[in-house]
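Participant: One predicted model, sequence on top.
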Amino acid sequence: MFRKVLILTAYLLGCWTCELQAGVVNSKWVGGERGYWEEPSNWNPPMVPDNNGSNTFAVTIDGGTVELIANHSIDSLDTYATHNKVNLKRWRLDPVVLTIESSFTNHGELDTPNTTHLHIYGALINATGAEIDICSEEIRVYGQVGIENSGTVYIDPDAEFKSEESNINNSGLLKMRGGVAQAEVIFRNNTAGIIEGYGAFGGQQILNAGLIESIGGTLQLFAEAISNTGTLKNNPGSSIATRIGPSNQSNQGLIEVYSEGAVAFDCNLMNEPNGIIRMLGGTLAATTLTQKADANFAGFGGITSDVVIDPNGIIKLTGPTNIVGDVTILQDATLEISDGTTLVTGHTACEGIIHMQSGRIIPQGGLSGDCDIIWEPGTYSNIADFNLDGQVNFKDFADFADTWLWQADWYTP
């Protein structure tokens, strides 16, 4: 009997030892507002979280500044900010790498200052209402899950936020402050997603169903293809620039171009049916801009592009506009100009309609084709109202003659 008890005890002890060797330690930060990662007493249980042959660590940090002296590897990390935010920072001058083998979920407010690098071999989830501030260092995510952001991520100058093998799905706010955000495959900005600021982001594809806007500088989009079904806009004094290549890109959403800035495509841009382009004093640039039937294009400003208006398509320019490029108006297409002058530096080829409502076109590079040109006074202004009294009559002719005609070199009174 005694022998059987010894055998059973040895068996249970062996099982317990195996569990310890392959165990997951649920490790919680108890180091208060500030402390070192390497100090066992800062953790419950009092062990320094660092994966080894015996244990892996599932770490929870709820507030406090955690300073790392050396590189560490853990299984998973969950951060909260019940009382104050979490700071992960390095103590030494050289960069410190915290490797997370499975997943990282931020539920609160996390700062990663002073070149603390996070390498995650699984998923990164930034929950709704949570914040991550990436300060001049990097967060890199490996694996097929990628990055899911439903909160706010600040990407500071010199910082990198990358999904090295998969996608970035943004349903929250990416606040670009000069850094880089990059997906290896698809960078998806969902309907509720906002990407704003200056810096650079992209992937193989950018699929925008939310809002992308430049603020405070130039926001660069890099990809092999971009599709916009949401809103793409520059704020006054800032610009959006794309680095794509020769492929055609489609707009099925809204593009707004504000003054003292630009939205620039280094490729062809197709304004698809139901797509909207609003010119609000800025510059829209592309290799060739094609306006499809049932697409909307209106406003004033600068267009640096060859422009093609497809059959049944219409572009409405409502104010002073310069087009640097050629303009092609196909059969049954319309270029409408009102309350201002449109200067076309290239050649204007027209088989459709040029409709001027108190507006004027100057085809500086020449006009050709069987074009139907219509001129009529506008609702609020008329270029024949020379004396600006709101009426067109012989007084306008008299003022015109007195100002210009009688000063002609050929006239002798």
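Facilitator: Sure, I can see it. These numbers come from a predicted model, not from an experiment.
Participant: Can you list the helices and strands that whichever strand in the chain runs longest packs against?
Facilitator: For the chain, the strand with the greatest residue count under DSSP state E is strand 276-291. The contact analysis (3 or more CB pairs under 8 Å, 6 or more residues apart in numbering; DSSP states H and E) places strand 276-291 against strand 254-258, strand 262-264, strand 268-271, strand 296-309, strand 314-324. Every residue, glycine included, has its C-beta placed from N, CA and C.
Participant: Looking at those strands, which is nearest to G369?
Facilitator: strand 296-309 (12.4 Å; CB to CB).
Participant: didn't D310 look like it was pressed against T290?
Facilitator: Yes - under the criterion of CB atoms under 8 Å, D310 makes contact with T290 at 6.4 Å.
Participant: quick one: average confidence on stretch 343-350?
Facilitator: Averaging pLDDT along stretch 343-350 yields 97.
Participant: List of residues touching it?
Facilitator: Residues from elsewhere that reach stretch 343-350 (CB atoms under 8 Å, 6 or more residues apart in numbering): 306, 321-329, 335, 361-371.
Participant: at 10 Å instead, please
Facilitator: By CB atoms under 10 Å, 6 or more residues apart in numbering, the list of residues contacting stretch 343-350 from outside reads 303-309, 320-331, 333-335, 342, 354, 360-373.
Participant: Put the buried members of these into a ChimeraX selection.
Facilitator: Selection of buried members from those for ChimeraX, criterion 16 or more other CB atoms under 10 Å:
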select :303,304,305,306,307,308,309,321,322,323,325,326,327,328,329,330,333,334,335,342,354,361,363,365,367,371
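Participant: ok, what's across the strand from T116?
Facilitator: V96 (DSSP bridges).
Participant: Pairing partners for Y80 in the sheet, please.
Facilitator: According to DSSP bridges, beta-bridge pairing links Y80 with D62.
Participant: again but with K175, I slipped
Facilitator: Y154, E196.
Participant: That one and I120, how far apart?
Facilitator: Computed as CB to CB, to the nearest Å, the K175 to I120 distance reads 20 Å.
Participant: Can you tell me the element W375 falls in?
Facilitator: strand 372-376 (DSSP states H and E).
Participant: G301 reaches N234, doesn't it?
Facilitator: No - counting by CB atoms under 10 Å, G301 stays clear of N234, with 11.2 Å between them.
Participant: Now for the two: what residues contact both?
Facilitator: In contact with both G301 and N234: V257, Y258, S259, G261, A262, L280, G282, T283, L284, using CB under 10 Å, 6+ apart.
Participant: Report the separation between the closest residue to G210 other than its chain neighbours and N208.
Facilitator: Excluding its sequence neighbours, the residue lying closest to G210 (CB to CB, 6 or more residues apart in numbering) is G193, at 3.6 Å. Per CB to CB, G193 is found 8 Å from N208.
Participant: Identify the contacts common to the two.
Facilitator: N170, G230.
Participant: wait, isn't T99 in contact with S73?
Facilitator: Yes - contact criterion CB under 10 Å: T99 and S73 qualify, at 4.2 Å.
Participant: which residues are common contacts for the two?
Facilitator: D50, N51, H119, Y121.
Participant: Skipping its backbone neighbours, what lies nearest the first one in space?
Facilitator: Just to be clear, that refers to D50. Closest to D50 by CB to CB, 6+ apart is H72, at 4.8 Å.
Participant: isn't the one you found right up against V96?
Facilitator: Yes - counting by CB under 10 Å, V96 is a contact partner of H72 at 8.3 Å.
Participant: list residues touching both of D310 and T290?
Facilitator: With CB under 10 Å, 6+ apart as the test, D310 and T290 both reach M270, N271, T328.
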